[in-house]
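Chemist: the following block contains a protein sequence and its predicted model.
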Amino acid sequence: MGFLVTTLIFVVIGIIASLSARICCNRGPSANLLHLTLIITATVCCWLMWAIVYLAQMNPLIVPILNESE
Amino acid sequence: MGERGRGCCPPMDLMRSEPMQLVQLIIPIESAHLAVSYLGDLGLTQFKDLNAEKSPFQRTYAIQIKRCGEMARKLRFFRDQMSKAGLPPAVRSATQAEISLDDLEVKLGDLEAELVEINANGDKLQRSYNELAEYKLVLQKGGEFFHSALSIAAAHQREYASNQGSEVESLETPLLSQQETAIDSSKQVKLGFITGLVPREKSMAFERILFRATRGNVFLRQAVVDELVVDPVSGEKVEKNVFVVFFSGERAKSKVLKICEAFGANRYAFSEDLGKQSQMINEVSGRLSELKTTVDTGLVHRGNLLQTIGEQFEQWNFLVRKEKAIYHTLNMLSIDVTKKCLVAEGWSPTFATKQIQDALHRATHDSNSQVEAIFQVLHTREMPPTYFQTNKVTTAYQEIVDAYGMRSSVWVGKGLREGGEDLVETASILAGVAKYQEANPGVFTIVTFPFLFAVMFGDWGHGICLLLATLYMIIREKKFYSQKLGDIMEMAFGGRYVILMMALFSIYTGLIYNEFFSVPFELFARSAYVCRDPNCRDSTTVGLIKARDTYPFGVDPAWHGSRSELPFLNSLKMKMSILLGVAQMNLGIIMSLFNALFFKNSINVWFQFIPQMIFLNSLFGYLSLLIIIKWCTGSQADLYHVMIYMFLGPTDDIGENQLFPGQKMTQLQFHPSLLQIVLVLLALVSVPWMLLPKPFLLKMQHERHHGESYAALPDGEESLQSEANHDSHGHGEFEFSEIFVHQLIHTIEFVLGAVSNTASYLRLWALSLAHSELSTVFYEKVLLLAWGYNNILILIVGIIVFVFATVGVLLVMETLSAFLHALRLHWVEFQNKFYEGDGYKFSPFSFALLDSEDE
């Protein structure tokens, strides 16, 4: 699974979450906008975290060096 | 003023505080009480004090408030009596009939008089009962003295008689027989004696003083009373001695009496005659049992009375507090010159207009008033209060944001500790909640606060523990609401939805960090790293090699426990902190754009938002870009070197530190449109861009406005808008120097802040490192060590220690510290980009709030 595929998964999850929030708790346009903002922010935060960790391991400059005892 | 989403963007819940209006209510005096009461039930009006210059005694309803105060005092008296008697007031039931204030006042007065009388009688009875009990003791012990003395004397006499056979001594003073034998019987005087009880701790001193005062001409006998005696005066249980003191002469008697009084020794009459003694004892015992029944009946009666009070106590208490609040509010209204109506002014949300009018209408109808109350909206230049409609989930987050106003006190200590970094920030000490209708940081805080917490608290095992704890609180929410909780428990309960989000995000970040109580799992794929050769000879020297695709989700489990784990994680988490920080600070600056658009303030867009964006991103945005490029290309470039020499020598060759072509194009013979030079120049230009134009433009705007104000009176709405446009300095005199200094401070704060705030985000790295190291220590040094002994007992002890360390240190203390650091990142690093926070909170007159606040 590459970077783009997982990113796409995040996007899809975000869209599904927004849609379900829209369908499940529809409390008027202003409340819906708040829910949408929250879901987008949460998705972006989670994606950012994952992307940073993934990118950092893509081309490692150092590799795991096992301890002597193991 | 009314419409929402004035400048930009569709309206969003929680983003802007509710639009408010200043309303004037003119209420006929006969329906005023009812109207205020209905408005209190509604709880959406904040009354202004229109009689601020009057003292509390000069106000219209001072007498009624005094009456309510008196009734509240009586209720407090009942509560004290009930708590002394161990009767908790019953929970308020809605079924009880309404009672009017006047009836209640009479009733409370009667009840109080009755209770006071019962108490006084009870005290009197109890006192005489205690006195009798002491008397009985004296009779018993004193009787023993005399009895034993008599028998000794008789024995003496027999002996004496057998020895001498002549002189017969009288038995009149048997106790003194030993000493008195030497004294000439002709000098013998009538001896007096006093009996009583003295507290045991004073008995030694009592004896000594008696001896000294009478120069030894006194004889004292004491007997210890084994059980505790209730002192009739104080009503306390004390240890006491029964004493008998013999003396001769009236002077000695008066001295002894005085000393007895001084020592709190209670005296009781005592007869020498043995027959009379037994008669007295019988009599006293009889009266004691009689009194006992009387006292008990009194207590039962009192208990019944308190029980009936307790049943209705809460209802009465609420009624009295409600009435007091109503009269207090009525006192804030100004009375019309005709004395026929009251005029109220106050803030209310615009959406409540209909409800308020309804309440007024009902009040008019219910009080059979001839005249309707008048409701009208006033136009004002005053800043309305800030009111956010929150639900049980968002309340806790809004409180986190609102607590920002309180940080000034926190700051003094913190600023001292952190030294220079916060020096500039202390210049912007603020108080209060969000300014009216400014963008509310609470919206993004709902997600970013728990997220940043979780970055520092990433461990999905700990996250699950936290989740279970908070789910317990949420499921039993109703039960927790009804009962009183301790301080810490109350805080945790209030923030249960914050903790829920924190737990969910820490499970996520725990999966990213691949830590479950510090143990990694190969959940998503096999590790990307393998040995270089089948024997794995090089694995401890050169290391493993990446053979498969990158681990798809989170940190590769192969890193755990390896020698290069720390260098790798440090580099990763440090860079992650900077990326997250730059992202959040950019969000903060974009929020300031929302504010500028909403208040239609183009100066802030062009001379604040844009240069700030350019400054931050040309330095730290560029750094973030370099980090990402370095990761993507696997370059060996040294980012510190790049960043430092970007300033020191923008034209120098960076050699092997070059990350991408065009970063430095010195070797190519182009004109110096080099990226780094351009960025540095942009950053440098944006500083005067932020500093200079805004004060001058404001001055021009002010002068133009000043000229206009002679033309036509501005409409209410516009005047409020223009006030908002001028930030806090729109009204009154326009002080250019003040504005300029303000802008200077603001610019310096932003420029220095861009550096210090980015550095401040490194706390994400530090805290998350501390958390993972601590949990590794607990896992390896406690659990694995105990496991290694192969002994059940040691294993159990190890598990207990591990559980307590995990709960105490990681789940409680680490949660607190990560919470505080996330709080700081929001209050300072995020909110100082856009948040003014100089508003005041909407505090409506509401009976629902009466319940929560204690007197």
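Modeler: Structure's in. What do you need?

Chemist: shaky segments in the stretch 151-300 of chain B?
Modeler: Low-confidence segments of the stretch 151-300 of chain B, defined by pLDDT under 70: B:163-190.

Chemist: any idea how far residue B:512 lies from residue B:450?
Modeler: 15 Å (Cβ to Cβ, to the nearest Å). C-beta: built from backbone N, CA, C; applies to glycine.

Chemist: ok, the two, which is more surrounded?
Modeler: residue B:450 (27 against 22; other Cβ atoms under 10 Å in any protein chain shown).

Chemist: skip the chain neighbours and tell me the closest residue to the more buried one.
Modeler: residue B:501 (3.8 Å; Cβ to Cβ, 6 or more residues apart in numbering or on different chains).

Chemist: show me what contacts that neighbour?
Modeler: B:446-447, B:449-450 (Cβ atoms under 8 Å, 6 or more residues apart in numbering or on different chains).

Chemist: from the residues you listed, which land in helices?
Modeler: In this view, those that belong to helices under DSSP state H are B:446-447, B:449-450.

Chemist: got a ChimeraX select line for the buried ones in those residues?
Modeler: A single ChimeraX command is used to select the members of the ones in helices among the contacts of residue B:501 judged buried by 16 or more other Cβ atoms under 10 Å in any protein chain shown:
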select /B:446,447,449,450
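
Chemist: can you pull the contacts of the residue of chain A found nearest chain B?
Modeler: Nearest to chain B in chain A, going by Cβ to the nearest Cβ, is residue A:59, at a distance of 2.8 Å. Listed by Cβ under 8 Å, 6+ apart, the contact partners of residue A:59 are B:631-634.

Chemist: show the contacting residues for whichever residue of chain B sits closest to chain A.
Modeler: Closest approach of chain B to chain A (Cβ to the nearest Cβ) occurs at residue B:634, with a separation of 2.8 Å. Each residue near residue B:634 by Cβ under 8 Å, 6+ apart is listed here: A:58-61.

Chemist: which among the residues you listed count as buried?
Modeler: Buried among the contacts of residue B:634 (16+ other Cβ under 10 Å): A:58, A:60.

Chemist: farthest pair within the contacts of residue B:634?
Modeler: Pairwise distances across the contacts of residue B:634 (Cβ to Cβ) peak at 10.9 Å, for the pair A:58 and A:61.

Chemist: which bits of chain A sit near chain B?
Modeler: A:1-2, A:6, A:29-31, A:33-34, A:37-38, A:41-42, A:45-46, A:48-50, A:52-68, A:70 (Cβ under 8 Å from any Cβ of the partner chain).

Chemist: show only the entries of those found in helices.
Modeler: Checking the residues of chain A next to chain B against DSSP H, those in helices are A:6, A:29-31, A:33-34, A:37-38, A:41-42, A:45-46, A:48-50, A:52-58.

Chemist: which of these are buried?
Modeler: A:6, A:30-31, A:33-34, A:37-38, A:41-42, A:45-46, A:48-50, A:52-58.

Chemist: which residues sit against stretch B:112-131?
Modeler: B:74, B:77-78, B:81, B:230-233, B:235, B:266, B:288, B:291-292, B:294-295, B:298-299, B:301-302, B:305-306, B:309.

Chemist: surely residue B:597 meets residue B:9?
Modeler: Yes: counting by Cβ atoms under 8 Å, residue B:597 does reach residue B:9; the two are 7.2 Å apart.

Chemist: now for the residue nearest the centre of chain B: which residues touch it?
Modeler: Residue closest to the mean C-alpha point of chain B, counted by Cα atoms, centre = their mean, is residue B:487 at 6.8 Å. Applying Cβ under 8 Å, 6+ apart to residue B:487 gives no contacts.

Chemist: residue B:734 against residue B:699, yeah?
Modeler: Yes: the criterion here is Cβ under 8 Å, and residue B:734 meets it with residue B:699 at 6.8 Å.

Chemist: can you tell me the closest non-neighbouring residue to residue B:546?
Modeler: Here the residue nearest residue B:546, using Cβ to Cβ, 6+ apart, is residue B:528, at 5.2 Å.

Chemist: OK, contacts around the one you found?
Modeler: A:57, B:546-551, B:556, B:558.

Chemist: what's the closest of these to residue B:336?
Modeler: residue A:57 (77.1 Å).

Chemist: for the closest one, what are its contacts?
Modeler: Per Cβ under 8 Å, 6+ apart, neighbours of residue A:57: B:528, B:550-551, B:555-556.

Chemist: let's see that with 7 Å instead.
Modeler: By Cβ atoms under 7 Å, 6 or more residues apart in numbering or on different chains, the residues touching residue A:57 are B:550-551, B:556.

Chemist: how far off centre is the helix ranked longest in chain B?
Modeler: If you go by DSSP H, chain B has its longest helix at helix B:101-163. In terms of Cα atoms, centre = their mean, to the nearest Å, the centre of helix B:101-163 is set 50 Å apart from its chain centre.

Chemist: over to stretch B:625-638?
Modeler: 48 Å.

Chemist: Serialize the contacts of residue B:501 to CSV and add fields for pLDDT.
Modeler: Shown next, in CSV, are those (pLDDT from 0 to 100):
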residue, pLDDT
B:446, 94
B:447, 95
B:449, 96
B:450, 96
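
Chemist: where do the strands sit along chain B?
Modeler: Secondary structure of chain B (DSSP state E): strands at B:20-28, B:46-47, B:191-199, B:218-224, B:229-230, B:237-238, B:240-248, B:266-268, B:334-335, B:341-349, B:374-378, B:529-530, B:545-546.

Chemist: of those strands, which approaches residue B:476 most closely?
Modeler: Nearest to residue B:476, of the strands of chain B and by Cβ to Cβ, is strand B:341-349 at 33.1 Å.

Chemist: list of residues touching the closest one?
Modeler: B:18-29, B:32, B:44-48, B:50, B:330, B:333-336, B:356, B:384-385, B:387, B:842.
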